[in-house]
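*Asks:* Build me a model:
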Amino acid sequence: MATKTSDLLAVAAPRTVSVVRAITDDQLDLPTPCPDYRVRDLTNHLYDVVVNFQALAARQAVDWSAKPDHLTPGWRDGFATEAGRLVEAWADPTAEEGVSPGMGLPQATVGLMGLIDLVVHGWDLARATGRPYEPAPEVVAAGHRFIDEMGPMARQMGAFGPEVAVAPGCTELDRLLARAGRDPSWVA
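*Replies:* Numbering: from 1, shown residues only. This next block holds a predicted model:
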């Protein structure tokens, strides 16, 4: 079972890439489980995530306020390439060591932050576009570990919404989504 960030990203990234590759142009204006985002907006945000978390792996500064439109010709292949680079960046043996200079968090926590963004937003886009999405159990478990550690701060900063109630016996993915402020039964 994968536990290193790079190994978890290597498992998670292809599943999210397949969702992004399947988004059609006529789906870009569909709503998503993130109320402030349409598919276009969330895809651009997720593109920023895979690019910026490459830099964070190398302890470089990132500018989250820049909002480039990544949905230019070839964007689906571009996203796949950048997701592969994200995995490579976190495979550097020093990527998880020490503290992030820009975020003041352990690098290992920063890596899991990128992972949970990739997974939760992968689910958001899959749900919005009618695609299946089932992350690997070890990826879901890592997401729970991240929320155990950072959930309250993430909610306070607006990265997660309030936790959503789920039925007893729900799947671990549904529980993870609910803990991240998503309604696992969301439909457009």
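
*Asks:* what does the average pLDDT come to for the biggest helix by length in the chain?
*Replies:* Longest helix in the chain, counting residues (DSSP state H): helix 107-129. In this model, helix 107-129 carries a mean pLDDT of 97.

*Asks:* Just checking, which helix or strand succeeds that helix along the chain?
*Replies:* helix 137-156 (DSSP states H and E).

*Asks:* And that following helix, what does it pack against?
*Replies:* helix 5-22, helix 107-129, helix 172-179 (3 or more CB pairs under 8 Å, 6 or more residues apart in numbering; DSSP states H and E). No exception for glycine: its C-beta is placed from N, CA and C like everyone else's.

*Asks:* What residues sit buried inside that helix?
*Replies:* 139, 140, 141, 142, 143, 146, 147, 149, 150, 151, 154, 155 (16 or more other CB atoms under 10 Å).

*Asks:* Any idea how far it is from the middle of the chain?
*Replies:* 12 Å (CA atoms, centre = their mean, to the nearest Å).

*Asks:* Out of the helices and strands packed on helix 137-156, which one sits most buried?
*Replies:* helix 107-129 (a mean of 23; mean count of other CB atoms under 10 Å).

*Asks:* Only alpha carbons, please: show that helix as CSV.
*Replies:* The C-alpha trace of helix 107-129 is given here as CSV (Å, rounded to 0.1, in the frame of the first residue of the first chain):
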residue,chain,number,x,y,z
GLN,A,107,6.4,19.6,3.6
ALA,A,108,4.7,16.2,4.0
THR,A,109,1.4,18.0,5.0
VAL,A,110,1.8,20.3,1.9
GLY,A,111,2.1,17.2,-0.3
LEU,A,112,-1.1,15.7,1.2
MET,A,113,-2.8,19.0,0.6
GLY,A,114,-2.1,18.7,-3.1
LEU,A,115,-3.3,15.1,-3.0
ILE,A,116,-6.6,15.9,-1.4
ASP,A,117,-7.2,18.8,-3.9
LEU,A,118,-6.5,16.4,-6.8
VAL,A,119,-8.9,13.8,-5.4
VAL,A,120,-11.7,16.0,-4.1
HIS,A,121,-11.7,18.2,-7.2
GLY,A,122,-11.4,15.1,-9.4
TRP,A,123,-14.6,13.8,-7.8
ASP,A,124,-16.2,17.3,-8.2
LEU,A,125,-15.5,17.2,-11.9
ALA,A,126,-16.6,13.6,-12.3
ARG,A,127,-19.8,14.3,-10.5
ALA,A,128,-20.5,17.4,-12.6
THR,A,129,-19.8,15.7,-15.9
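
*Asks:* Now do that helix: which elements does it pack against?
*Replies:* Using 3+ CB pairs under 8 Å, 6+ apart, helix 107-129 sits against helix 5-22, helix 39-57, helix 75-91, helix 137-156, helix 172-179.

*Asks:* relative to helix 172-179, how tilted is the least confident helix or strand in the chain by mean pLDDT?
*Replies:* One helix or strand of the chain scores below all others by mean pLDDT, DSSP states H and E: helix 137-156, with a mean of 93. Here the directions of helix 137-156 and helix 172-179 differ by 10 degrees (axes from the mean of the first three to the mean of the last three CA atoms, to 10 degrees).
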